[in-house]
Structures are given as structure tokens and as C-alpha cells.
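Enquirer: need coordinates for the below:
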Amino acid sequence: MQAFKKSRVARPLALATALLLCQPAFAVDDENADPNEVSAVAMGGDLLIGRPLLFTATVLGTAIWLVALPFTAAGGNVKDSGQKLVVWPAKNTFVRCLGCPTAGYKKD
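Expert: This is a model prediction of the structure:
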């Protein structure tokens with residue numbers, strides 16, 4: 001029974017130790033790689049998480065902008081509120097390249 005408990009603890013401990021020792025090998029970077037290149041993980045995360053959240057922000061921002069329109073018209077800042085609540089989320093949802101951190105098309 002003791003040997004079973006010991007092996008149950010020893011195996012994960014050995015695996016964690018091996019992964020910690022191999023970490024510098026994982027950190028080796030390719031000299032020819034473009035530092036601005038977007039990874040597949042970033043693209044997948046952007047597609048599955050970022051874009052739906054930004055689309056939701058665009059829809060909610062449009063609704064808030066419409067509700068606040070009489071007040072922003074009275075204050076004279078309709079354009080500013082539209083930029084912040086509608087245009088910025090829409091631009092980041094539909095114009096930004098997949099996985100890129102900033103809005104705009106990626107130049108090849």
C-alpha cells in the first residue's frame with residue numbers, strides 16, 4: 001500500500017521536475033522568425049473569444065449610443081460618443097486582422 005502511495009506522488013513530481021528542467025529548451029526562439037507574426041494560438045483565441053466579445057460590445061455600444069443620443073446632441077459630443085461606443089468596437093471586430101493586437105489590416 002505504501003509503494004502505491006509513493007508512486008502516486010513520485011510520478012507527478014518527476015514529471016513536474018522534468019518540465020521545469022526542459023523549460024529553457026522551450027524558450028529557444030527561431031532567429032528567422034518575424035517578431036510581428038501572429039501565432040495560431042492568438043488567432044484561435046481571437047476567433048473564439050475576442051471577436052464575439054467585441055461584437056457584443058459593438059451591439060451594446062450602439063444601443064447605449066442610441067439611448068444617449070438626445071443627451072449627447074444637447075451636449076454637442078455626438079461624434080465623440082459615436083466613435084467610442086460604436087466605431088471603435090466595430091473597427092476592432094471587423095477590420096482588425098485575426099490575432100493582431102491593433103486595429104487595421106496586416107500588411108503582407
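Enquirer: low-confidence ranges, the chain, go.
Expert: The model of the chain has pLDDT under 70 over residues 1-6, 22-35, 104-108.
Enquirer: what's near enough to touch M43?
Expert: 98-99 (CB atoms under 8 Å, 6 or more residues apart in numbering). The C-beta positions use only the backbone N, C-alpha and C, and glycine is treated the same way.
Enquirer: how about a cut-off of 10 Å?
Expert: By CB atoms under 10 Å, 6 or more residues apart in numbering, the contact list for M43 reads 50, 97-100.
Enquirer: now V78: closest residue in space, sequence neighbours ignored.
Expert: Closest residue to V78 apart from its sequence neighbours, by CB to CB, 6 or more residues apart in numbering: T72 at 4.9 Å.
Enquirer: helix, strand or coil: sort out that neighbour for me.
Expert: Under DSSP: H, G, I helix; E, B strand; the rest coil, T72 falls in the helix class.
Enquirer: then E37?
Expert: Classification of E37 by three-state DSSP places it in coil.
Enquirer: next up, phi/psi of it, please.
Expert: Note on E37: its backbone torsions stand at phi -70, psi 140 [degrees, to the nearest 10].
Enquirer: count of residues packed around it?
Expert: Other residues near E37 come to 9 when the count uses other CB atoms under 10 Å.
Enquirer: before we move on, back to that, of the contacts of M43, which is the nearest to G82?
Expert: G50 (22.3 Å; CB to CB).
Enquirer: you'd agree the closest one is up against T93?
Expert: Yes. With contact defined as CB atoms under 10 Å, G50 counts as touching T93 (8.7 Å).
Enquirer: sweet, I'm off.
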